[in-house]
Structure formats: C-alpha cells, structure tokens
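Engineer: Here is a sequence together with a model predicted from it:
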There are 2 protein chains.
Amino acid sequence: MDAALGLVGGGENFSSISLREVAKNAGVVPTSFYRHFTDMEELGLNVVDDLGLLLRKLMRNSRQSGAYAEALNRSSIEVYTDFVSEHKNYFYFMCQCRTGGTLALRSAIRNEFKYFASELATDIRALPLLNQVNSLDLDMMAQLMVETVFESTIDFLDQADTSPNFRQEFINLMVKKLRLIWLGAGEWRS
Amino acid sequence: MDAALGLVGGGENFSSISLREVAKNAGVVPTSFYRHFTDMEELGLNVVDDLGLLLRKLMRNSRQSGAYAEALNRSSIEVYTDFVSEHKNYFYFMCQCRTGGTLALRSAIRNEFKYFASELATDIRALPLLNQVNSLDLDMMAQLMVETVFESTIDFLDQADTSPNFRQEFINLMVKKLRLIWLGAGEWRS
DNA sequence: TCTTTGAGTCAACACTTGTACACTAATATG
DNA sequence: CATATTAGTGTACAAGTGTTGACTCAAAGA
C-alpha cells in the first residue's frame, strides 16, 4: 500500500498503476502481490479504510483542542492544511479516486465524506446560532462545509510548493468561504 | 476524441485509456492516431477546449433566458443538470481529469473554471444585494458557487439513473446550498 | 519436535502497449 | 494536369501487462 501511494504521490494516476509497478516499488516480485490483495481495486479499498482512520484521528485531535467546536474556523483550517501536507500521498489518492476511481472506490470515498459530514453536523447542532435550523438542513450545511474544504484540497496539493506564501493565501481564501457559509447559516430559517 | 469520450463514459478512466483502445473505438488502425494527436494528453487538452466551448454556449443560453441574472437559482440548476445529462461523457471526463489528469490537464481545467467563475462574478456584480462586497470577495463568492455546483456533478452522474426522482432531490439539495451561500453574501461586509 | 501457514521466489504464458517504417488513396492546391 | 498534403493501411518489434503453477523457507502453533 505504501508502494502504491508512493507512485500516486510521484504523479501517477492510481487507476493506471499496474500491479507490477506496485510490486517493483515494494521491492517484491509481481506474484507476491496476490499474497496481499487479489486486485488493485482491493488495495485501493484498503487505502480508503486507512485514510478513514487517519481522518478520524484528525477529527479527534481537533475536538480535543477545542478548535473543532467552532467548526472550521481559521485554526482548524490550519490544522487541516498541515495534516494534508503530512499525508500528501493519501490526499492525492483521495482526490483522484473520488472522481476517477472504480465505482466501488468512488462510493467508498463518498461514504467517508458522509461520515465526516455527519460528525460535523452533530458537533454543530447545539450551537445557538443554528437553533432555527432543522436536522435535514443542518446536514446540508455540514455537507457543504466539508465539500468546500475537500474540493480545494487538490489545488492546495498542486500549488503548495510553488510559492512560500501560498499556504497562507489558501488558508485565507478557505476561511472566507467558510465564513460566508456560516453567515448564511446564521440567517437560515428552516 | 469522440471515441475517447465514449470510453470514458463507459466507465474507463481517461488516464488509463490506451492510444490503441481509442483507435479501435474510432474504427481506425492504431498508427492513424498520430495523424491527429501526438499523445493521449494532447487529445485530452483538445477535449478540454471543446468542453470550454460547450460551457460558454450553456452560459450564453442561460443569460438570454434571463435565468442567469439571478445566478444559479432553481431554473438555472435545472438547465445545468439537463446539460450535464446531455453531455455525460464530457462531464465524466472533466470530473476525472480535474483531479486525476496530468498536471497540464488539471491546470487547463482549472483555467476553465476560473473563466466561468469570473464571468459569473461580473454578472452578479451589479446586484444591489452585493453592494457591500468588494471585487476580491465577489470573486471568492462566484468561485464558491461554481465549485459547489461542479463538485457535486460526479455524484449526479453516478446516481442520476439509479432512481427516477434523484434528479429532483439533487436539484433541491443544490438549490438549498446555493441559497445558503446567497444568504451569507447578503450579510457580507467586505 | 513436527507441521501448518504466510510471504516470498522463478519461469512461463498469452496478450496489450507505444512507436517506427514503408506504403496507398483521396483530396486540395499550384 | 501535376503535385503536395492529409488520412488512412499493414507489418513489425521490444517492452510491459495480469495470471498460472510449482517451488522455498522462516516463523508460529500443536
């Protein structure tokens, strides 16, 4: 799995990586691949699971630090961008497969997002700002926030190394977008 | 190009489609491919150009019908979803390549988005609702709206055929998200 | 201690892939 | 009419692909 992620991080597309490449990158003979996975797709699904664990860990940490309570303010965006930088390969993989993977892979990732969004929804449910919002609309809002962040991740990955202050610009833009959504949420009447 | 798009629409990932497959699907011998493109990437870039033309056409139509003036209300979302349904292959391609293409392909698509968003920005600039918003923030808002719509396109493509009322549910959700953003925009003070 | 099992090796297969070269036929252009 | 150009054809090759089957060997469990 690390070998596959390495290739993805190196610029290859997961869907066009061959079993043999993975094996070679893992320092192992091609036939050994079958000892671990039947398929490249199965390998991909396992990576999605790992990614899910990673994201849950991130979420736990954010909750502890209290940043999460205000759900996606500046500091939580900073945490996120750092996290992405530390796990570039995983996020390249995720960005690629969310739209370009097998149908099974796509829906596996979709599910991770749903989980993430629903966790966010329960966390912000209690906020007094949102007491005019019903449960369905709350889900919609959480979904929009999560999507907004994830959607921009590929841009961050692509450009993070281009200029030293891109990270700050990116964070500023992200914060604005989320503030805009929060502003709308405050006015929302279900 | 149609042959390539056909393969994409059939579930294959553009980045793993071979030159030979395209040739076969076009009813032509592999070596003939080189008469038109040097590369699969070059073919891809040409498809992006075509897609750009398509999107501009869509935008023109929406403007004429007046729906666009209110920028992404229900009827313009309906127009968009119909448009996507009519050009599924193009949109599968776009969704795939925005995150999974070559770097050149990715940034070509990014540019189309930028163009689209900036057009939207100039269209909504005059709205009295937004007279407290400066130019930079307006761009950010237009960008968020465009992203929000495009980001969900893959979900629409994947699930449009699953249930007969998915289209309506999708439109409802989309309208809500955009309404949320508009609500925020109305409160925004740059 | 014997035996099962997990993870690796090697050789081989039929097939696909990108690309090169030499050739043909229709269609524009001078 | 002659000539260039454009889009197609067939053959060929070296490299890469997924998958098979039979083998080794260290570690874990009985």
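Structural biologist: It's in. Numbers count the residues shown, from 1 in each chain, chains lettered A, B, ... in the order given.
Engineer: got a list of what the closest residue to A:Asn13 other than its chain neighbours touches?
Structural biologist: Nearest residue to A:Asn13, sequence neighbours excluded (Cβ to Cβ, 6 or more residues apart in numbering or on different chains): B:Ser15, at 4.0 Å. The way it works is simple: take the backbone N, C-alpha and C, and place the C-beta from them, glycine included. The neighbourhood of B:Ser15, defined by Cβ atoms under 8 Å, 6 or more residues apart in numbering or on different chains, consists of A:13, A:15-16, A:100, B:96-97, B:100-102.
Engineer: Average pLDDT for the helix or strand A:Glu42 falls within, rounded please.
Structural biologist: Using DSSP states H and E, A:Glu42 maps to helix A:40-65. The average pLDDT for helix A:40-65 rounds to 91.
Engineer: Please apply the same query to stretch A:111-127.
Structural biologist: Summarised as a single mean, pLDDT over stretch A:111-127 is 92.
Engineer: Show me where chain A has its helices.
Structural biologist: For chain A, the helices defined by DSSP state H cover A:2-9, A:19-25, A:40-65, A:74-86, A:88-100, A:103-124, A:135-151, A:153-159, A:166-187.
Engineer: Please identify the most buried of those.
Structural biologist: Mean neighbour count (mean count of other Cβ atoms under 10 Å in any protein chain shown) peaks for helix A:88-100 among the helices of chain A, with a mean of 23.
Engineer: when you scan that helix, is anything in it near chain B?
Structural biologist: Yes. Under the criterion of Cβ under 8 Å from any Cβ of the partner chain, chain B is reached by helix A:88-100 at A:95-96, A:98-100.
Engineer: State the pair within those that is farthest apart.
Structural biologist: Spatial extent of the residues of helix A:88-100 next to chain B (Cβ to Cβ) is set by the pair A:Cys95 and A:Gly100 at 8.7 Å.
Engineer: still on that earlier bit, with DNA strand C in mind, check whether the helix holding A:Glu42 reaches it.
Structural biologist: No. Helix A:40-65 stays clear of DNA strand C (Cβ under 7 Å from any atom of the strand), getting no nearer than 12.8 Å.
Engineer: And A:Gln143, how far from A:Ala117?
Structural biologist: 5 Å (Cβ to Cβ, to the nearest Å).
Engineer: Tell me where the model's unsure across chain A.
Structural biologist: Regions of chain A meeting the criterion pLDDT under 70 cover residues A:66-72.
Engineer: Give me the most central residue, chain A.
Structural biologist: A:Phe150 (5.3 Å; Cα atoms, centre = their mean).
Engineer: Pull the contacting residues for that one.
Structural biologist: Neighbouring residues of A:Phe150 by Cβ under 8 Å, 6+ apart: A:94, A:98, A:113.
Engineer: rerun at 7 Å
Structural biologist: Counting by Cβ atoms under 7 Å, 6 or more residues apart in numbering or on different chains, A:Phe150 touches A:Phe113.
Engineer: State the distance from it to A:Leu157.
Structural biologist: From A:Phe150 over to A:Leu157 the distance is 11 Å, taken as Cβ to Cβ.
Engineer: swap in A:Ser32?
Structural biologist: A:Ser32 sits 31 Å away from A:Leu157, taking Cβ to Cβ as the criterion.
Engineer: same deal with A:Arg110?
Structural biologist: 20 Å.
Engineer: which non-adjacent residue is nearest the residue of chain A found nearest chain B?
Structural biologist: Evaluated by Cβ to the nearest Cβ, chain A has A:Gly184 as its residue closest to chain B, separated by 3.2 Å. Using Cβ to Cβ, 6+ apart and skipping the chain neighbours, the partner closest in space to A:Gly184 is B:Gly184 (3.2 Å).
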